[in-house]
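A.B. asks: Next come a sequence and a model predicted from it.
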Amino acid sequence: MALTVDKASKSFPGVRALKDASLELRPGEVHALMGENGAGKSTLIKIITGVHRPDGGRLLLDGAEISLSSPRDAIRLGISAVHQERNLIPRFSVAENILLENLPRRAGLVDYAAANAEAKKYLEMIGLTVDTRTEVRHLSVAQMQMVEIAKALSHEAKVLLLDEPTASLTGEEAEALVALIKRLKAQGAAILFVSHKLEEVLAISDRVTVLRDGETTLVGEPMANMTRGRLIEAMIGRAERTAVVRPPKPATGAIKLEAKAVATATGHRDISFTVRRGEILGVYGLVGAGRTELARALVGKDKVTGGTLSIDGKPVTIRSVEEALKRHHIGYLSEDRKYEGVVLLHPIRFNVAMTIWDRLAKFLGFQTAAGERRAAEPFARQLEIRTPSLEQAVGNLSGGNQQKVSLAKWLAAKVDLLIIDEPTVGIDIKTKTYLHELIGEIARGGVSVLLISSDMPEMVVLADRILVMHDFRLVGEVANDHRYDAVSKAIMGRIHAVEVDAAE
Ligand SMILES: Nc1ncnc2c1ncn2[C@@H]1O[C@H](COP(=O)(O)OP(=O)(O)OP(=O)(O)O)[C@@H](O)[C@H]1O
Ligand SMILES: [Mg+2]
């Protein structure tokens, strides 16, 4: 089934999200849709799935014009999507979420045995092994993402639209998804794929359409004709710029945080390390290594059950993120920014200023919208948050711009130690460079940074030293001289060495 978008336009108050944008999806093809944060990708997908009605333009299915007034209409026509924002119901089970619209029933009641069996079929397709009876709120971010994909598969669609499906996946999970996409393509599905990971896009797409400021700058170009450079040029209108690398320097600042033989409720054993003032300490590991869990324990979200944590040389017990921030000036930017990072209904200025209320209140005597705006403005500008004004509700921003708000919030907080989990997931290539420079600047200003990232190039550009974590233990430390090949080899070498040990 072929789907064509012919010169679609869509405006929101103060924003022209799409302007005569065109797209053509063919059966048996993977089509990449690319563009910077706020370029209009998700809006285009929402028009194709009946979430938004276009202000102008036409939608055609196999050459016949269609009109969609709801997502249900789209599903009925064989068009299904995994949206960028999460649409799962946290207190419903995995099976209930996957089959939400058509749960099997018997004598009027939901037939749970049948539902679980049916849902399991879709989980197997993507290689996710969780119990279908688990409530979704107990899953990891990556697992939730995979449940969303299973849900879209359950519609048996002929046109499948995937809006950053791999953003919170890494390694094996992303590979499983890529393999699945190839299978669906071989079965004749038309697949649209949005991702900011350029290598991934180049590897799996047959053709590409690029959006810039709501207009299509490339429409259905065969990927074979494309290079990384041409793609970037089409997206940002000029050539790529890479972040200025931090010169390697031995950290001489005072020790800010020290962990001594720390054990946690989630299973860490014997974790010892230090972070100095002004140092960026990287923590690298594969999925499931326990990096996010370590960050959570450091800020009191999970329990530390053994060993000692010291800040500025004094042993501490931290019970909550609030306490970490207010008493110890530790900021925590969690991996799950869609849930925790921002308050979607509030304006940008509120979100960015949220962590600095106390200071603002002290400075102004009370807290005002104008004060928040003054605090938020420089960060919004630096990260190029694309918005008509700082009064805009964060929920109305594009996915990547929401991420920028939650980052800006912590950058504005003036903390002494910043723990950042996957800072650039879902952030476009241009902003990624800015962000890397900003994190570097913050560290040069004396802030200690604990950086968790699965993005090896990011790790090599930013970190001063890299700790390697495997199975909830630290298995090595790699000095970083910013030479990619040598450093990444050393890191992977450490991981493989312990895997071989474990196998013997
Ligand atoms: N419901 C809405 N209300 C107001 N503005 C909106 C709404 N949805 C999207 N926009 C605006 O439309 C523009 C395009 O947003 P869109 O979400 O399509 O971008 P995107 O290309 O998907 O970006 P990203 O890579 O960050 O996900 C942005 O300026 C965004 O702020
Ligand atoms: Mg988007």
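C.D. replies: Everything's here; your move. Source: prediction; values computed, not measured. Ligands and ions are numbered 1, 2, ... in the order given.
A.B. asks: and the helix ranked longest in the chain, what does it pack onto?
C.D. replies: Assignment by DSSP state H gives helix 484-503 as the longest helix of the chain. Counting contacts by 3 or more C-beta pairs under 8 Å, 6 or more residues apart in numbering; DSSP states H and E, helix 484-503 packs against helix 456-462, strand 465-470, strand 473-479. The C-beta positions use only the backbone N, C-alpha and C, and glycine is treated the same way.
A.B. asks: and stretch 38-48, does that touch ligand 2?
C.D. replies: Yes: under the criterion of C-beta under 5 Å from the ion, ligand 2 is reached by stretch 38-48 at 41-42.
A.B. asks: Could you list the residues in contact with that stretch?
C.D. replies: Contact partners of stretch 38-48, identified using C-beta atoms under 8 Å, 6 or more residues apart in numbering, comprise 3, 5, 8, 10, 17-18, 21, 23, 33-35, 52-54, 59, 68, 74, 79, 81, 83-84, 159, 161, 163, 192, 194, 211-214, 235, 386, 397-401.
A.B. asks: quick one: is it near ligand 1?
C.D. replies: Yes: using C-beta under 6 Å from any ligand atom, stretch 38-48 reaches ligand 1 at 38-43.
A.B. asks: could you dump that stretch to CSV, C-alpha only?
C.D. replies: What follows is stretch 38-48, C-alpha atoms only, in CSV (Å, rounded to 0.1, in the frame of the first residue of the first chain):
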residue,chain,number,x,y,z
GLY,A,38,11.2,21.1,15.8
ALA,A,39,11.5,20.7,12.0
GLY,A,40,8.0,19.1,11.8
LYS,A,41,8.6,15.4,11.7
SER,A,42,6.2,14.4,14.5
THR,A,43,3.6,16.8,13.2
LEU,A,44,3.7,15.1,9.7
ILE,A,45,3.3,11.7,11.4
LYS,A,46,0.3,13.0,13.4
ILE,A,47,-1.3,14.2,10.2
ILE,A,48,-0.9,10.8,8.6
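A.B. asks: can you tell me the average pLDDT over that stretch?
C.D. replies: For stretch 38-48, mean pLDDT is 95.
A.B. asks: repeat for stretch 493-504
C.D. replies: Average pLDDT, stretch 493-504: 80.
A.B. asks: who's in contact with the residue of the stretch 351-500 of the chain found nearest ligand 2?
C.D. replies: Nearest residue of the stretch 351-500 of the chain to ligand 2 (C-beta to the ion) works out as Gly399 at 4.1 Å. The neighbours of Gly399, taking C-beta under 8 Å, 6+ apart as the test, are 37, 42, 84-85, 163-164, 426.
A.B. asks: which two of those residues lie the greatest distance from each other?
C.D. replies: Asn37 and Glu85 (13.9 Å; C-beta to C-beta).
A.B. asks: Are we agreed that Arg16 is in a strand?
C.D. replies: Yes: assessed by DSSP: H, G, I helix; E, B strand; the rest coil, Arg16 belongs to a strand.
A.B. asks: you'd agree it is up against Gly214?
C.D. replies: Yes: look at Arg16 against Gly214 with C-beta atoms under 8 Å: they come within range, at 5.6 Å.
A.B. asks: rewinding a little: from the contacts of Gly399, which land in strands?
C.D. replies: Asp163 (DSSP state E).
A.B. asks: For ligand 1, give me its nearest residue in this structure.
C.D. replies: Gly400 (2.6 Å; C-beta to the nearest ligand atom).
A.B. asks: any idea which helix or strand comes after the host helix or strand of that residue?
C.D. replies: Secondary structure from DSSP states H and E places Gly400 in helix 399-411. Sequence order places strand 417-421 as the next helix or strand after helix 399-411, per DSSP H and E.
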